[in-house]
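1. this is a predicted model, with the sequence first.
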Amino acid sequence: MSLLEIVTYPDKRLRKVSKPVENIDGSLQNLIADMTETMHHAPGVGLAAIQVGIDKALIVYDLTPLEEKGSIQVLINPRIVEGEGEFLSENEGCLSVPDFRADVKRFARVLVEGVDAEGNPRRFEAEGYPALVLQHEIDHINGKLFIDHISALKRELYKRQVRKKLKKA
Ligand code: NI
């Protein structure tokens, strides 16, 4: 296993729509293992393949407390089939959007479809925090970031902050 470099905003790769995974083979299992290690190391609760520069529709997430690193979830070709209700995520953040957090309006409940690491079709409902993590990660598959969901004014503040930092570097 190895740690992968996390792509950060404003890298254009984050805007790419990921391609469906067609083969769940050894190289995909290696990628899943590396993404899991990278996510735990960061640490973060979720990671999409495009965040390590690979445009495959694949997400990993772990909803157990960080110190436990217990149950890694893998979803291949995930999609939100249905969403309902409203939920304000507090202080949502992203490993690809460093040093910035914001409250984001999300669905309270989602119906999600995908395939697990063994190739079994999965279809399940999620609510609250797990629903939020799934919406955030599946957004990455579609080239979206959580800052796309906030007000233009707040987004502009973040962009300015990034520009300043890039100038200094
Ligand atoms: Ni993210």
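-> Great, that's in hand.

2. go through stretch 14-26 and flag the buried ones.
-> For stretch 14-26, the buried set under the neighbour-count rule, 16 or more other Cβ atoms under 10 Å, comprises 14, 18, 21, 24. Any C-beta I mention is one placed from the backbone N, CA and C, and that applies to glycine too.

3. count the neighbours of residue 5 for me.
-> When counting by other Cβ atoms under 10 Å, one arrives at 9 neighbours for residue 5.

4. adding secondary structure, write the buried residues of stretch 14-26 out as a markdown table.
-> Conversion of the buried residues of stretch 14-26 to a markdown table gives the following (DSSP: H, G, I helix; E, B strand; the rest coil):
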| residue | secondary structure |
| --- | --- |
| 14 | helix |
| 18 | coil |
| 21 | coil |
| 24 | coil |
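
5. identify, from the residues you listed, the entry nearest to residue 168.
-> Nearest to residue 168 among the buried residues of stretch 14-26, counting by Cβ to Cβ, is residue 14 at 21.5 Å.

6. need the helix or strand of the protein with the lowest average pLDDT.
-> Least confident helix or strand of the chain, by mean pLDDT, DSSP states H and E, is helix 152-168 with a mean of 93.

7. show me what contacts the closest residue to residue 94 other than its chain neighbours?
-> Among residues not flanking residue 94 along the chain, residue 146 sits closest, at 5.5 Å (Cβ to Cβ, 6 or more residues apart in numbering). When contacts are counted by Cβ atoms under 8 Å, 6 or more residues apart in numbering, residue 146 touches 92, 93, 94, 97, 102, 104, 136, 139.
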